[in-house]
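1. got a predicted model here, sequence first, then my questions.
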Amino acid sequence: MVIPDFSKTSFIDQLGIEERAAGFTKRSLKEHSKLNGLLLALNMIDLTTLEGKDTEGKVRQLCYKAMHLHDAYPDLPTVAAICVYPSMVGVAKKALGDAGIKVASVATAFPSGQSSLKIKKEDTKLALQQGADEIDMVISRGKFHQGEYQFVFDEIAAIKEICGTARLKVILETGELGNYDKVRRASDIAMYAGADFIKTSTGKIQPAATMPVTLVMLEAIRDFYYKTGKKIAMKPAGGISKAKQALHYLVMLNEVLGEDWMNNEWFRFGASSLANDILMQLMKQKTGLYQSADYFSID
Amino acid sequence: MSATKKNTLKLKFDSSRNLAPAPESKSVAKIADRYDLFINGKFEKPSSKKYFDTINPATEEKLSVVAEANAADVNNAVAAARTAYEKQWKKTAPKERAKYIYRIARLIQEHARELAVIETLDGGKPIRESRDFDVPTAANHFFYYAGWADKLDYAFPNRNPQPLGVAGQIIPWNFPLLMAAWKIAPALATGNTVVLKPAETTSLTALKLAEIIQEADLPPGVVNIITGAGTTGAALVNHPDINKIAFTGSTEVGKMIQKAIAGTNKKATLELGGKAANIIFEDAPLDQAVEGIINGIFFNQGHVCCAGSRLLVQESVYKIVLQKLKDRMETLIVGDPMDKNTDIGAINSKQQLDVINKYLKIGQQEGAEMFQINCNIPKKGFFCRPTIFTNVAQSNRIAQEEIFGPVLAIQTFRTEDEAIEKANNTPFGLSAGVWTNKGSKMFNMTSKLKAGVIWANTYNKFDPVSPFGGYKESGFGREGGLHGLGAYLKV
């Protein structure tokens, strides 16, 4: 693979990309399109808890929720993964058993990434030793802004090297990057350095995921695919809490990368409260009535 | 990765077209069985006693019948406009004129949903466009010109601007309500009275506008709306008591009008055809440029006089732009205009579909390579798949003549000079688009392109504040903005 000069990656026109992203929200999903979309979105969720106050009990509750989203609705899919800190990976792994739900762990001095490569590697190894299936790393945004793309690249490549079969999600923290050109550049660096996923945000910085930012990243994935033949997965995270938003993202995914990406191997939502809103919409589709939020458990 | 392997990579977009139907409700649209002529504030039966059908081009079903105005009807309408002008409208205080115009704008907003549905039923354009573009922009034109009515002395200081009198206005079928707004709003703001003739395939929203004008209590005769085809238009153009002709339509008819009014005192503005170049440089934001190509040529099925119907791509990015364009085209949804997800609706008429199909044949005979997306189109109604031609020569008819459909001719260039030369090598001069990230190049291009409107890193953007009009065979005079006022004033 020829590594390009990242200072020369594609330009993005701000007004144009925002107009295009808004265009996807004009699509109207009805009947089976809406139902399939809701079920798919549910199945793409990385159910997340990344709090300093997390405890083993809290993580176990979340895992139970992941396996039993809403027992009043039979044959629901599960979420794709549980996303936790490295210290909670072992607990989650045990709680989930063989339910087929992946355990993703943030690592590399999440969320700031302000540590040495040595510590970042140790952090990653800890998560892997506990059985993490996926690693969500952060890039060094400070170095990126300084134009030290090689540093950012090497760090990602180093973490990828120790990941083995675990899939690596690279968090760009787009809310700290400042413009769409830089989102595109960071996406390219991550993909060429070995990312399996590119991910918008830690959820700790505002704005987190937005449709235009996600669109820039999806287009980067598409261009990378055409150049190298290699598929990269996408994960918008943070700020997506409503079923309708999730459907807009799926419309966008479907029209930028097409049906091959329309599954949880290639697309995830990083979210904590999205699942319940989707469940509420699914019950509405089934019964014709909106139920009280209190009918849906809040783990 | 070997080169052959690369060529087989293809994203799949079929599923995007399998969305469940999301039709807009027709129930808000009240369409009468028959429409008469709107003369002197009332709907009058035509002295011709003739009516013609208006159909839904997406289903070929009859929607209503519309009166055909003959020379006597035209005379009545012009007489009503003249009386209203002399007896009332030219004496009405400018700030009072503004109130009427403002009221029309508000009523268009109140009736927005009905107008959008009727526009789509009668004309075939997607409901998303009539809802989000045509109707709101039409209301905006009335709002904008309402503001100018009592400020003409500031627009033309020390020039004592005076109205012309009676304006004869003839509008096309591609943006029926919006074109009526473009014509009527500045004419009223400047104190003129109006006889407007909509195109024969799309009379209904103009007649709905007549109802709105009644509801707004505009004095009788200030706006008259008469329906009919070419002969009605000719009678209006040739009427001796008309002071001004405002025409939007084909270059062919524009030339006929110019001949007809030669030697008279009639003032004219003509907004005619186009064959705009959309020019993409290698340093452009390519994905947004591709959106601009799509919007430029497929907006309103390409029935847009300023459509970007020629694409000029710098050779170094030709392959990648073409690939992105084809992928993007695969996601376009063609079909029922009333479905909220439809991107490309029905061609406006059988006649226009025949014209487009003729050019598809010509393009292939000329040796250009045709690409159409592989989508189903409805069996009934008039539909055309989005089409691009590559290997196009400057001498090909598909690169020279206005097709007025979803058909794009693609060429390449190497230098700025070549792009300018090719872009200007056309009898038309209405619009152009330039895509580059480099400001100096943008200014160089925009100063050398012979086109009335040039979009920089965007395409098909319209605003009442911005003047619109052409060079060369695309016509003369400007509509919109301050310039649009001047076209209706003695200054």
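-> It's in.

2. how many residues are close by residue B:292?
-> Number of residues near residue B:292 (other C-beta atoms under 10 Å in any protein chain shown) recorded here: 26. Placement of C-beta: from N, CA and C, glycine included.

3. hang on, I meant residue B:289
-> 31.

4. the one 5 residues further on now?
-> Neighbour count of residue B:294, defined by other C-beta under 10 Å: 21.

5. nearest residue to it other than its sequence neighbours?
-> Spatial nearest neighbour of residue B:294, chain neighbours left out: residue B:328 (5.7 Å); criterion: C-beta to C-beta, 6 or more residues apart in numbering or on different chains.

6. for the one helix or strand that neighbour maps to, packing partners?
-> Assigned by DSSP states H and E, residue B:328 belongs to helix B:318-330. In terms of contacts (3 or more C-beta pairs under 8 Å, 6 or more residues apart in numbering or on different chains; DSSP states H and E), helix B:318-330 is packed against helix B:286-298, strand B:387-390.

7. could you pull out the strands for chain A?
-> Secondary structure of chain A by DSSP state E: the strands cover A:45-48, A:81-84, A:102-106, A:134-138, A:167-171, A:197-199, A:233-235, A:269-271.

8. so for residue B:174, which of those sits nearest?
-> When these are compared by C-beta to C-beta, strand A:233-235 sits nearest residue B:174, at 38.9 Å.

9. other SSEs contacting that closest one?
-> Strand A:233-235 is packed against strand A:167-171, strand A:197-199, helix A:211-228, with contacts defined by 3+ C-beta pairs under 8 Å, 6+ apart.

10. sorry, back to before: against residue B:199, how distant is the residue nearest to residue B:294?
-> As judged by C-beta to C-beta, to the nearest Å, residue B:328 and residue B:199 stand 31 Å apart.

11. ditto for residue B:241
-> Residue B:241 is 23 Å from residue B:199, by C-beta to C-beta.

12. repeat that for residue A:161.
-> 67 Å.

13. how about residue B:51?
-> Distance of residue B:51 to residue B:199, computed by C-beta to C-beta: 16 Å.

14. more neighbours: the two, which one.
-> residue B:199 (24 against 17).

15. which single residue of the stretch 201-350 of chain B ends up nearest chain A?
-> In the stretch 201-350 of chain B, no residue comes nearer to chain A than residue B:288, which is 3.0 Å away by C-beta to the nearest C-beta.

16. contacting residues around that residue?
-> Residues counted as contacts of residue B:288 (C-beta atoms under 8 Å, 6 or more residues apart in numbering or on different chains) are A:12-13, A:16-17, A:20, B:435, B:457.

17. just to revisit the earlier point, between the strands of chain A, which gets nearest to residue B:354?
-> Nearest to residue B:354, of these and by C-beta to C-beta, is strand A:233-235 at 45.3 Å.

18. was I right about residue A:235 contacting residue A:200?
-> Yes. Here residue A:235 reaches residue A:200: they are 7.2 Å apart, a contact under C-beta atoms under 8 Å.

19. quick check: which ranges of chain B have low pLDDT?
-> B:1-7, B:15-16 (pLDDT under 70).

20. how about the residues of it by chain A?
-> Counting by C-beta under 8 Å from any C-beta of the partner chain, the positions of chain B adjacent to chain A are B:1, B:5-6, B:9, B:11-16, B:18-22, B:128, B:132, B:283-288, B:291-292, B:323, B:327, B:331, B:340-341, B:437, B:457-458.

21. so where do the helices sit in the stretch 51-200 of chain A?
-> A:56-67, A:89-96, A:117-129, A:141-145, A:149-163, A:180-193 (DSSP state H, counting those that start in this stretch).

22. buried stuff in stretch A:101-119?
-> For stretch A:101-119, the neighbour count (16 or more other C-beta atoms under 10 Å in any protein chain shown) marks A:101-113 as buried.

23. nearest spatial neighbour of residue B:24, skipping sequence neighbours?
-> Residue B:24 sits nearest to residue B:127 (C-beta to C-beta, 6+ apart), 4.6 Å away.

24. return the most buried member of the helices and strands packed on helix B:318-330.
-> Most buried of the helices and strands packed on helix B:318-330 by mean neighbour count (mean count of other C-beta atoms under 10 Å in any protein chain shown) is helix B:286-298; its value is a mean of 25.

25. angle of that one against helix B:318-330?
-> Helix B:286-298 runs at 60 degrees relative to helix B:318-330, counting by axes from the mean of the first three to the mean of the last three C-alpha atoms, to 10 degrees.

26. hang on, the earlier thing: near chain B, which of the buried residues of stretch A:101-119 show up?
-> Applying C-beta under 8 Å from any C-beta to the buried residues of stretch A:101-119, none is adjacent to chain B.

27. quick revisit: could you dump the helices of the stretch 51-200 of chain A into CSV with mean pLDDT and distance to chain B added?
-> Output for the helices of the stretch 51-200 of chain A, formatted as CSV (pLDDT from 0 to 100; distance: least, C-beta to the nearest C-beta, whole Å):
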stretch, mean pLDDT, distance to chain B
helix A:56-67, 96, 27
helix A:89-96, 97, 31
helix A:117-129, 98, 29
helix A:141-145, 98, 21
helix A:149-163, 98, 19
helix A:180-193, 98, 9
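
28. okay, those helices, which one's buried deepest?
-> Of all the helices of the stretch 51-200 of chain A, helix A:180-193 carries the top mean neighbour count, a mean of 24, counting by mean count of other C-beta under 10 Å.

29. which other helices and strands contact that one?
-> helix A:141-145, helix A:149-163, strand A:197-199, helix A:211-228.

30. report how many residues lie close to the closest residue to residue B:317 other than its chain neighbours.
-> Distances taken as C-beta to C-beta, 6+ apart put residue B:282 closest to residue B:317, at 4.6 Å, once the chain neighbours are dropped. By other C-beta under 10 Å, 16 other residues sit near residue B:282.

31. and residue B:282, what element?
-> Judged by DSSP H and E, residue B:282 forms part of no helix or strand.

32. which one, of the helices and strands packed on strand A:233-235, ends up nearest to chain B?
-> helix A:211-228 (5.2 Å).
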